[in-house]
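>>> compute the structure for the input listed below.
(one chain, ligands or ions: 1)
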Amino acid sequence: MGAILVTPETTRRVTVLGCTGSVGSNTVELLAAYPDRFRTEVLVAGRNVGKLAEQARLLRPALAVISDPAGYADLKDALTGTGIAVAAGPAAVVEAASRPEADWVMAAIVGAAGLAPTLAAVQRGATVALANKEVLVCAGELVMAEVRRCGATLLPVDSEHSAIFQVFDEARRDRISRLILTASGGPFRTWTREAMQGVTPAQACAHPNWSMGAKISVDSASMMNKGLELIEAHHLFAMPEDRINVLVHPQSVIHSLVEYVDGSVLAQLGTPDMRTPIAVALAWPDRVATPGDRLDLVKAANLTFESPDPVRFPALGLARLALQSGGAAPTILNAANEVAVAAFLAGTLGFLDIPRVVEKCLTTLAHGPLGTLADVEAADAEARCHAIAEIAVLSRAN
Ligand SMILES: NC(=O)c1ccc[n+]([C@@H]2O[C@H](COP(=O)([O-])OP(=O)(O)OC[C@H]3O[C@@H](n4cnc5c(N)ncnc54)[C@H](OP(=O)(O)O)[C@@H]3O)[C@@H](O)[C@H]2O)c1
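Got it, this is the predicted structure:
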């Protein structure tokens, strides 16, 4: 990874993809707190025109982009007289990520929808702060090959990967024996499978420690999130699947660990607040102060650990299988999961049916190699169609 020094004398120029979401809004808050260090080039949102306009008035970017073309007229109206240019549509999102003026890009769109713009930022050699883990799950080999070819820098934003990044001795990577990803276990950690049968979207989104967007909250509740993170860690740190373990740690104080051959285990700790890993990536290799509570270990008192339960939470095992299988399997896993989570949130699929849909897609569809973005998009589209058909079968059966 190339080094970029940020001092108060230099201004980092920043683009935020997915600025209106949970990670995006925390990023905007930090950017607003340091106007001398960061200048915003582009803000990109999906559909939330009101919030995008409000953030644009605060940060004064050169350009504001709304992915949903239906939002164009309202956004233009809302930003009249500000001098901020406005654009809309998926192609404008990719163009925004390609603009060379921003040397740092926050990739915080949710799902595979973030792949094309994130890849565009990588391909112009930008420093990309990656929250959008689905990008590496659905196209990890392709994206990492482009990172190397184009001299881009990937900085992890997921709290677990940020923790590993901070204690991972790249110069002595051959002395690292394994990575240990911690998991909170989500809101249903202690629930029986029978009790999980009828959970509602509101229950699944009520995460005990973190405040996050709906999709990642459901993924955390099913533990698919940890499966996606396993695949993400494999690509980010070039670590084989069998040397990445998962440890349930309900307090979310230890964000992840790296074990070295001499038995030393290094960890990064902190309160569960996404502003910390976002700030790590934003200021890297420098540090900036963040608001929020500092970690008080006396108050935290008991840190506990347990193994994940593969019977109640089969999604983690499915992700491991997909990673072992390779080729299109992780792309299929991700696409099927996105469709199943959307159906669960819409009330048309049961919570326990999410991994069933994913498994069915993984076992039915071919896992051929993916050489190009078009290959990834084709595998993603096929898996989405198959998942929709599976959901229809399951709803007829229920
Ligand atoms: N939240 C966390 O604490 C956290 C932690 C670690 C990793 N992550 C990862 O970070 C990513 C974002 O998570 P989140 O919780 O911030 O999600 P979120 O709150 O649902 O926000 C998603 C963002 O993506 C935008 N978006 C959705 N579809 C889009 C499209 N087609 N084109 C452009 N923008 C689009 C949304 O815009 P609108 O709202 O305007 O529609 C919103 O700004 C996910 O991959 C998640 O796994 C999140």
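>>> report whether the helix or strand that contains Ala202 contacts the ligand.
According to DSSP states H and E, Ala202 maps onto helix 201-205. No. Applying Cβ under 6 Å from any ligand atom, one finds helix 201-205 out of contact with the ligand, separated by at least 10.6 Å. Bear in mind the C-beta positions are built from the backbone N, C-alpha and C, glycine included.
>>> and the following helix or strand past that helix, what does it pack against?
Proceeding N to C from helix 201-205, the next assigned helix or strand is helix 214-222, under DSSP H and E. Applying 3 or more Cβ pairs under 8 Å, 6 or more residues apart in numbering; DSSP states H and E, one finds that helix 214-222 contacts helix 201-205, helix 224-236, helix 329-345, helix 353-364.
>>> ok, and the closest non-adjacent residue to the closest residue to the ligand within the stretch 151-300 of the chain?
At 2.6 Å from the ligand, Gly213 is the closest residue in the stretch 151-300 of the chain, using Cβ to the nearest ligand atom. Nearest-residue entry for Gly213: Ser22, 4.7 Å, with adjacent residues in sequence omitted and distances by Cβ to Cβ, 6 or more residues apart in numbering.
>>> ok, now Ala62?
In space, Ala62 comes closest to Glu41 once its chain neighbours are excluded; the distance is 5.7 Å by Cβ to Cβ, 6+ apart.
>>> is whichever helix or strand that neighbour is part of up against the ligand anywhere?
Using DSSP H and E, Glu41 falls within strand 38-45. Yes. Interface with the ligand: strand 38-45 contributes Val44, Ala45 (Cβ under 6 Å from any ligand atom).
>>> hey, C-alpha coordinates of that strand in CSV?
The C-alpha atoms that make up strand 38-45 are tabulated as CSV, following Å, rounded to 0.1, in the frame of the first residue of the first chain:
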residue,chain,number,x,y,z
PHE,A,38,-10.6,17.9,4.1
ARG,A,39,-12.3,19.4,1.1
THR,A,40,-15.3,17.6,-0.4
GLU,A,41,-15.3,17.1,-4.1
VAL,A,42,-18.4,15.0,-4.7
LEU,A,43,-21.3,13.7,-2.5
VAL,A,44,-23.2,10.7,-3.9
ALA,A,45,-26.5,9.3,-2.6
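>>> now the helix or strand just after it: buried residues?
Using DSSP H and E, the next helix or strand after strand 38-45 towards the C-terminus is helix 49-59. Within helix 49-59, the residues scored as buried using 16 or more other Cβ atoms under 10 Å are Val49, Lys51, Leu52, Ala53, Gln55, Ala56, Leu59.
>>> look through the chain and state the residue closest to the ligand.
Counting by Cβ to the nearest ligand atom, the chain gets nearest the ligand through Gly21, at 1.9 Å.
>>> check contacts around that residue.
Neighbouring residues of Gly21 by Cβ atoms under 8 Å, 6 or more residues apart in numbering: Ala108, Ile109, Val110, Gly213.
>>> roughly how far out does stretch 229-240 sit from the chain middle?
13 Å (Cα atoms, centre = their mean, to the nearest Å).
>>> how about stretch 353-362?
The mean C-alpha position of stretch 353-362 is separated from the chain mean by 21 Å, Cα atoms, centre = their mean.
>>> list the contacts of Asp293.
Residues near Asp293 by Cβ under 8 Å, 6+ apart: Thr271, Asp273.
>>> who in the stretch 101-250 of the chain is up against the ligand?
When proximity is defined by Cβ under 6 Å from any ligand atom, the stretch 101-250 of the chain lies next to the ligand at 108-110, 113, 131-134, 158, 210, 212-216.
>>> pLDDT and distance to Gly185 added to the buried residues of helix 49-59, as TSV?
What follows is these, written out as TSV (pLDDT from 0 to 100; distance: Cβ to Cβ, whole Å):
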residue	pLDDT	distance to Gly185
Val49	98	37
Lys51	98	31
Leu52	98	34
Ala53	98	38
Gln55	98	33
Ala56	98	38
Leu59	98	36
